[in-house]
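**Q** Below are the sequence and a predicted model for it; my questions follow.
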Amino acid sequence: MITVFGTGTGAPVPAEVLAGARLVVGGRRHLESAPVPAGAQQVVLGALAPALDRIGRCLEEKVVVLASGDPGFFGIVRALAERFGPDALDVRPGVSSVATAFARLGLPWDDAVVVSAHGRELRTAVNVCRARPKVAVLTGPGAGPAELGAALGPDPRTLYVASALGSDAERVERVSPAEAAARDWGTAVSVVLCLDETRALGAVRTVAGDAPGADRWALEEAGFGHRDSMITKFEVRALALARLGPRLGDHVWDVGAGSGSVAVECARLGAAVTAVEKAPDGVGRIRANAAAHGVDVRVVHGTAPGALAGLDDPDAVFVGGGGRELPAVVAACALRARRTVVVAMAALDRVPQARAALTGAGFSCDGVLLQSSRLAPLPGEVTRLAATNPVFLLWGSRTPVSQEGVAL
């Protein structure tokens, strides 16, 4: 049997947990502070595979694995269960660093999103922080408060950096992303909380974790402020959203955003969104629409493709409009997008150019002409069909490649 003991935030390891252990595995600080029996072998956790092999050779005797907090929460329980099976484990959890950090602030965390940047790409954590009002980030080497703050840039959120939780050196510091980026935080950081403090308490929840997904999409045009019906119609938006596939952890660009209807819908589905719009009144309209729908959309006032230069790379891009600059805009977006680019156009003349820009960047390309007629009432309790303007929708998809370089 493998006893997995979570030390909590500074909680001592009882001597009876370790009594009779043949092998004790844990981080250096865990082993140094625990009453390890004199005859027990010790393995300092570093690379996981050798430690698992060592545990496997001692299964007939008592093995104790020391871990931080709750070892079943982004911890070693997963690796142990996959290797030896859940029945081989006696897990005794402690209080996680996430729970402790929120407790120090006096905040509930059933509505928090927890994302790990430990040994993972930081960009996912950054996108989640931009999209959600209450996020806990588990940090790691190269993905600490400084790197997170630098990536967030001028974001209005507040970071709470919790270090050495449960020890005499414990501290929880409130900083802006810029202040976090300017400091060396050392190695004692336990967790970073990223909060929109205006929504820190949140609503009463039934389901913990991330907010429930949008109950519907392709919202009516009446749900958005727009100018002279200059808005992506809901029929077009429905297919565009299906091809964009926005989700939590993604970053989506809405280029030539207009009213921001696509940007808002992507944010409602969980993505971090940047909307680029050249018209000053459009910028205000996008912000108002985002606020009305309770989502965060970063709005950049500028003209593409030049305005795209300083933005973080997107997973998916929606390009609206159809001016002469469209091919250059599509080409610039295709060079940066990780997954897909969707282009909506009213003019047939722009379709070959947009398609060439996508295929020239290595995307496979497909598209449709969308024509719809909506039911419209007439006097006398009769109904006619009212045609909307036809729109060409192209989408380019980047072929995923395996680590061996083989197209999937």
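**A** Nice, I can see it.
**Q** C-alpha only now, for contacts and for neighbours.
**A** Fine.
**Q** show me where the protein has helices.
**A** 15-18, 28-33, 48-56, 77-84, 97-105, 122-131, 145-152, 177-181, 234-244, 261-268, 280-292, 326-336, 351-360 (DSSP state H).
**Q** neighbouring contacts of the first one?
**A** Contacts of helix 15-18 with the rest of the structure, by Cα atoms under 8 Å, 6 or more residues apart in numbering, involve 3, 24, 34-37, 64.
**Q** taking these one by one, which sit in strands?
**A** Judged by DSSP state E, strands contain the following of those: 3, 24, 64.
**Q** can you pick the most crowded of the contacts of helix 15-18?
**A** Using other Cα atoms under 10 Å as the neighbour criterion, residue 64 leads the contacts of helix 15-18 with 26 neighbours.
**Q** from what I can see that one touches residue 6, true?
**A** No. Residue 64 sits out of contact with residue 6 when judged by Cα atoms under 8 Å, with a separation of 10.6 Å.
**Q** residues near residue 306, how many?
**A** With other Cα under 10 Å as criterion, residue 306 counts 11.
**Q** residues touching residue 127, list them.
**A** So residue 127 contacts 248-251, 271-272 (Cα under 8 Å, 6+ apart).
**Q** again, only this time at 6 Å
**A** Residues in contact with residue 127 (Cα atoms under 6 Å, 6 or more residues apart in numbering) are 249, 272.
**Q** about what we covered before: any idea which of the contacts of helix 15-18 is closest to residue 323?
**A** residue 3 (65.3 Å; Cα to Cα).
**Q** any idea of the pLDDT on the closest one?
**A** Looking at residue 3, its pLDDT reads 95.
**Q** From residue 68, how far off is it?
**A** According to Cα to Cα, to the nearest Å, residue 3 and residue 68 sit 14 Å apart.
**Q** what's next to the helix-or-strand element of the chain with minimal mean pLDDT, contact-wise?
**A** Lowest by mean pLDDT, DSSP states H and E among the helices and strands of the chain is helix 28-33, with a mean of 88. Applying Cα under 6 Å, 6+ apart, the external contacts of helix 28-33 come out as residue 44.
**Q** just stretch 227-246 next, same as before
**A** Residues contacting stretch 227-246 (Cα under 6 Å, 6+ apart): 218, 266, 271, 316.
**Q** what do you get if the cut-off is 7 Å, keeping everything else the same?
**A** Stretch 227-246 is contacted from outside by 218-221, 258-259, 261-262, 266, 269-271, 316, 340, 342, using Cα atoms under 7 Å, 6 or more residues apart in numbering.
**Q** Then stretch 192-199?
**A** By Cα under 7 Å, 6+ apart, stretch 192-199 touches 129, 133-138, 145, 157-162.
**Q** need the contact list for the closest residue to residue 200 other than its chain neighbours.
**A** Spatial nearest neighbour of residue 200, chain neighbours left out: residue 134 (6.6 Å); criterion: Cα to Cα, 6 or more residues apart in numbering. Going by Cα under 7 Å, 6+ apart, residue 134 touches 112-113, 194-196, 200.
**Q** Now do stretch 187-198: distance from first to last residue.
**A** 30 Å.
**Q** send the alpha carbons of stretch 374-383 over as CSV?
**A** C-alpha atoms of stretch 374-383 as CSV (Å, rounded to 0.1, in the frame of the first residue of the first chain):
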residue,chain,number,x,y,z
ARG,A,374,-36.6,35.2,-42.4
LEU,A,375,-40.2,35.0,-41.5
ALA,A,376,-41.8,38.5,-41.6
PRO,A,377,-45.4,39.2,-40.6
LEU,A,378,-47.7,41.1,-42.9
PRO,A,379,-51.1,42.7,-42.2
GLY,A,380,-54.0,40.2,-42.3
GLU,A,381,-52.2,37.5,-40.3
VAL,A,382,-50.1,36.3,-43.2
THR,A,383,-46.3,35.9,-43.4
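**Q** Give me the mean pLDDT for that stretch.
**A** pLDDT averaged over stretch 374-383 gives 92.
**Q** Report the distance from that stretch to the chain centre.
**A** 45 Å (Cα atoms, centre = their mean, to the nearest Å).
**Q** what's in contact with that stretch?
**A** Here stretch 374-383 has contacts from 384-387, using Cα under 7 Å, 6+ apart.
**Q** can you tell me which two in the residues you listed are farthest apart?
**A** 384 and 387 (9.7 Å).
**Q** all strands for the stretch 101-250 of the chain, in order.
**A** For the stretch 101-250 of the chain, applying DSSP state E, counting those that start in this stretch gives strands covering 113-116, 134-138, 158-163, 171-175, 189-195.
**Q** can you list those strands in TSV and add mean pLDDT?
**A** Shown next, in TSV, are the strands of the stretch 101-250 of the chain (pLDDT from 0 to 100):
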stretch	mean pLDDT
strand 113-116	96
strand 134-138	97
strand 158-163	97
strand 171-175	97
strand 189-195	96
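**Q** how about those in JSON lines, adding distance to residue 88?
**A** Listed next are the strands of the stretch 101-250 of the chain as JSON lines, based on distance: least, Cα to Cα, whole Å:
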{"stretch": "strand 113-116", "distance to residue 88": "26"}
{"stretch": "strand 134-138", "distance to residue 88": "27"}
{"stretch": "strand 158-163", "distance to residue 88": "33"}
{"stretch": "strand 171-175", "distance to residue 88": "37"}
{"stretch": "strand 189-195", "distance to residue 88": "29"}
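**Q** Of the ones you listed, which is nearest residue 330?
**A** Using Cα to Cα, the nearest of the strands of the stretch 101-250 of the chain to residue 330 is strand 113-116, at 32.0 Å.
**Q** give me the low-pLDDT residue ranges for the stretch 201-350 of the chain?
**A** For the stretch 201-350 of the chain, applying pLDDT under 70 flags no range at all.
**Q** So for stretch 133-148, what gets flagged as buried?
**A** 133-140, 143-148 (16 or more other Cα atoms under 10 Å).
**Q** how distant is that stretch from the center of its chain?
**A** Distance, stretch centre to chain centre, for stretch 133-148: 12 Å (Cα atoms, centre = their mean).
**Q** Use 626 as the first number for this chain going forward.
**A** Yep, numbering from 626; the last one is stretch 758-773 now.
**Q** C-alpha coordinates for that stretch, PDB please?
**A** This file holds the C-alpha atoms of stretch 758-773, laid out as PDB (Å, rounded to 0.1, in the frame of the first residue of the first chain):
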ATOM      1  CA  PRO A 758     -13.100  37.200 -13.000                       C
ATOM      2  CA  LYS A 759     -11.700  34.800 -10.400                       C
ATOM      3  CA  VAL A 760      -8.800  32.600 -11.300                       C
ATOM      4  CA  ALA A 761      -6.200  30.700  -9.200                       C
ATOM      5  CA  VAL A 762      -2.900  30.000 -11.100                       C
ATOM      6  CA  LEU A 763      -0.600  27.200  -9.900                       C
ATOM      7  CA  THR A 764       2.800  28.500 -10.900                       C
ATOM      8  CA  GLY A 765       6.100  26.900 -11.800                       C
ATOM      9  CA  PRO A 766       9.600  27.700 -13.000                       C
ATOM     10  CA  GLY A 767       9.400  30.200 -15.900                       C
ATOM     11  CA  ALA A 768       5.700  30.600 -15.200                       C
ATOM     12  CA  GLY A 769       5.500  32.600 -12.000                       C
ATOM     13  CA  PRO A 770       4.000  36.000 -10.900                       C
ATOM     14  CA  ALA A 771       6.500  38.000 -12.900                       C
ATOM     15  CA  GLU A 772       5.900  36.100 -16.200                       C
ATOM     16  CA  LEU A 773       2.100  36.100 -15.600                       C
END
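**Q** That concludes my questions; thank you for your assistance.
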